[in-house]
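**Student:** just need the structure, nothing else, for what follows:
(one chain, ligands or ions: 1)
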Amino acid sequence: MTAAGELLSPPGSVVLVRLLRLRWSNAYLLLGERPVLVDAGSPGDEAAILAALAAAGRGPRDLAAIVLTHGHADHAGAAAALRTATGAPVLLAAGDTAMAAAGRNLPLVPTGLEARLVAPFVPQDFPSVVPDEVIEEPLDLGRYGAAATMRPLGGHTRGSAIVELAGGDVLVGDLLRGGRLGGRWRASVPMTHYYEEEPSAVSAVVDRVLADGARRLLVGHGGPLDAAAVAGWRRHRAA
Ligand SMILES: [Zn+2]
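**Tutor:** Model prediction:
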């Protein structure tokens, strides 16, 4: 990817979204009043994320918050290093704080054969991170300078959260994924994620996001996903 990442929002949006395609996962830079990072990549991804911040014309100390959609190694992996570099607080939903503090993925509940095959190659360990803010209720991220709401709803993991933006983009972490091979193949095709700790909650959260009028789902691997395509995927999924 280019240092600045891909601009996903039309110019003039209240919050500009930049997609950073990192080695194992996506992270997103929300550029509103102040920059907010959603997801922190894998261990070692801090350099690429700080480079994206710099390409957006912001310094490390400008970062207002590091929001984690969940506590897996490829989303929380560089959170501790980024907090040290920026001073920004880490926000994580309550259900995943034990995993983040342990610095190890557990438990991974595979949804199929591909998940079992991929597992040995995916990062599992990461520097421990204790969140500065443990999220148990919907949180207005306006206090961090982003017109967005973080909602802890579970699904992929017990402590999974989504981030809703004005205008219809919803960052959903690993609720589902786009395409295969980390989004390198058919990135815009919605697919069941490799792991689901709470499968019925995954369905419920997808239903809710669609009912709330989402236009696009921005995912942790591959994507973006159009809401209509996600609705089609959802119809083929057991309730
Ligand atoms: Zn995950």
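**Student:** output the helix ranked longest in the chain as CSV, nothing but the C-alphas.
**Tutor:** Counting residues, the longest helix in the chain under DSSP state H turns out to be helix 199-211. Extracted in CSV, the C-alpha atoms of helix 199-211 (Å, rounded to 0.1, in the frame of the first residue of the first chain):
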residue,chain,number,x,y,z
PRO,A,199,-22.0,-17.4,16.0
SER,A,200,-25.5,-16.3,16.9
ALA,A,201,-24.2,-12.9,18.0
VAL,A,202,-22.5,-12.6,14.6
SER,A,203,-25.8,-13.0,12.9
ALA,A,204,-27.6,-10.6,15.3
VAL,A,205,-24.9,-7.9,14.9
VAL,A,206,-25.0,-8.2,11.1
ASP,A,207,-28.8,-7.9,11.1
ARG,A,208,-28.6,-4.9,13.3
VAL,A,209,-26.0,-3.1,11.2
LEU,A,210,-28.0,-3.7,8.1
ALA,A,211,-31.3,-2.6,9.8
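**Student:** by contact count, what packs against it?
**Tutor:** Using 3 or more C-beta pairs under 8 Å, 6 or more residues apart in numbering; DSSP states H and E, the elements in contact with helix 199-211 are strand 169-173, helix 227-235. (C-beta placed from N, C-alpha, C; glycine too.)
**Student:** mind checking if the first one is in reach of the ion?
**Tutor:** No. Looking at strand 169-173 against the ion by C-beta under 5 Å from the ion, there are no contacts, and the closest approach is 6.8 Å.
**Student:** how near is the most centrally placed residue in the chain to residue 101?
**Tutor:** Residue closest to the average C-alpha location in the chain (C-alpha atoms, centre = their mean): residue 173, at 3.4 Å. Separation of residue 173 from residue 101 (C-beta to C-beta, to the nearest Å) stands at 19 Å.
**Student:** cool, and residue 136?
**Tutor:** 16 Å.
**Student:** these two - which one has more neighbours?
**Tutor:** Neighbours per residue (other C-beta atoms under 10 Å) separate residue 136 from residue 101, with residue 101 holding more: 14 against 10.
**Student:** can you tell me the SS state at the more buried one?
**Tutor:** Secondary structure, DSSP: H, G, I helix; E, B strand; the rest coil: residue 101 is helix.
**Student:** quick check, pLDDT for it.
**Tutor:** Note on residue 101: pLDDT of 97.
**Student:** enumerate every residue touching it.
**Tutor:** For residue 101, the contacting residues are 128, 129, 130, by C-beta atoms under 8 Å, 6 or more residues apart in numbering.
**Student:** can you do 7 Å?
**Tutor:** Contact partners of residue 101, counting by C-beta atoms under 7 Å, 6 or more residues apart in numbering, are 128, 130.
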